[in-house]
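Engineer: Structure for this input, please:
(one chain, ligands or ions: 1)
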Amino acid sequence: MSTGQLQGNPARAYEEYFVPAIFDPLSAHTLRRAALTPGEQVLDLACGTGIIARLAAPLVGAGGRVLGADLNPAMIEVAREVSGHGPGAPEFVVADATALDLPGPGFDAVICQQGLQFFADRAEAVQRMRHLLRDSGRLVVATWQSPERHPFFQALAEVEAPLLAEVGLSATPDDLLAPFSFGDADALGDLLTANGCSTVEVEPASITAHFADADRFIERQVFAYVAVVPAFGADPAAFTEYARRVAEATRDLVDTHRVGDHIAVPMHTQIAVATG
Ligand SMILES: C[S@@+](CC[C@H](N)C(=O)[O-])C[C@H]1O[C@@H](n2cnc3c(N)ncnc32)[C@H](O)[C@@H]1O
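Structural biologist: Predicted structure coming up:
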């Protein structure tokens, strides 16, 4: 495996590898549930490299406003680079969802696509999101379904878990499946209701993620994942060795999902829509 990819910028790798495969197709479902209309004000919370913000901007038009916020400054830097500037372009800020300090209420929609499961205090984040909503505003939250619904990623994690300690990475086995750590639709609905939301509706949605560059799937996906869980990248030498060993140990497993030059993986989310 070449190690060039492991020396670049994980947030850019996220934008180039994960966004076209996963987050762009998923955004169609999330934005359909958000039902944005011209002139609306939108917050994309835990925006990553800003895919929701970018797709929301033309929906709300010149009379609207889109703000993206993320904890990771590297994600915000790439979001700004790829989202354009000037009238109609989204704006971006570095912010922690659990300590969000924006003037409110002011947003017609607060959208959080695959972010809530990573927050240290989910209840606090929901309360803060709710306080940012106007009276008629809605909260739209998407979290992946459980690891059991994602057997390919679960099987990868089983191979990866012992390698973390072997190479001396500080990331934990829980970090491997963190995206799927809030996978229960009822728990998502209950969290929103318990923190003051009303008319909570949770619906499932599925995509097939098509990861390009099948031969380098592991290398590219473990590196892009550093943008989501920075602990993986804390020790670059250990991480490079980890990626090499994971690629070697998962070759046959990855091949079971090969379709031509892509790796195709079904992924399942739940999307909650609630009013404040
Ligand atoms: C899987 S990514 C999803 C990004 C984006 N919503 C998308 O659809 O591409 C999860 C994001 O949550 C962000 N995040 C994690 N904890 C956060 C927090 N406490 N406040 C704000 N963002 C956070 C990470 O930096 C990361 O960009």
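
Engineer: so for stretch 56-71, what's the average pLDDT?
Structural biologist: Across stretch 56-71, the average pLDDT comes to 97.

Engineer: for stretch 176-192, same thing?
Structural biologist: So the average pLDDT for stretch 176-192 ends up being 98.

Engineer: ok, which stretches of this protein are helices?
Structural biologist: For the chain, helices defined by DSSP state H occupy the ranges 10-13, 24-34, 51-60, 73-82, 122-131, 151-167, 173-176, 185-194, 217-225, 236-249, 251-255.

Engineer: got the contact list for the first one?
Structural biologist: Identification of contacts with helix 10-13 by C-beta atoms under 8 Å, 6 or more residues apart in numbering yields 5, 49, 72, 74-75, 77-78, 220, 223-227, 230, 233. No exception for glycine: its C-beta is placed from N, CA and C like everyone else's.

Engineer: For the residues you listed, point out the one with the lowest pLDDT.
Structural biologist: Gln5 (46).

Engineer: tell me the pLDDT at the closest residue to the ligand within the chain?
Structural biologist: Closest residue of the chain to the ligand, C-beta to the nearest ligand atom: Gly48 (2.6 Å). pLDDT recorded at Gly48 is 98.

Engineer: count of neighbours near it?
Structural biologist: 26 (other C-beta atoms under 10 Å).

Engineer: mind listing what it touches?
Structural biologist: Neighbour list for Gly48: 14, 19, 23, 70, 72, 75, 79, 115, 227-228 [criterion: C-beta under 8 Å, 6+ apart].

Engineer: Just send those residues back as CSV, with distance to the ligand and neighbour count too.
Structural biologist: Putting the contacts of Gly48 into CSV (distance: C-beta to the nearest ligand atom, whole Å; neighbours: other C-beta atoms under 10 Å) gives the following:
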residue, distance to the ligand, neighbour count
Tyr14, 7, 25
Val19, 6, 21
Phe23, 4, 22
Asp70, 5, 27
Asn72, 4, 20
Met75, 4, 25
Ala79, 9, 27
Gly115, 4, 23
Ala227, 7, 25
Val228, 5, 21
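
Engineer: Is Ala125 in contact with Ala97, as I believe?
Structural biologist: Yes. The pair Ala125 / Ala97 is scored as a contact, 4.4 Å apart, by C-beta atoms under 8 Å.

Engineer: Need the overlap of contacts for these two.
Structural biologist: The contact sets of Ala125 and Ala97 overlap at 45, 112, 116, 119 (C-beta under 8 Å, 6+ apart).
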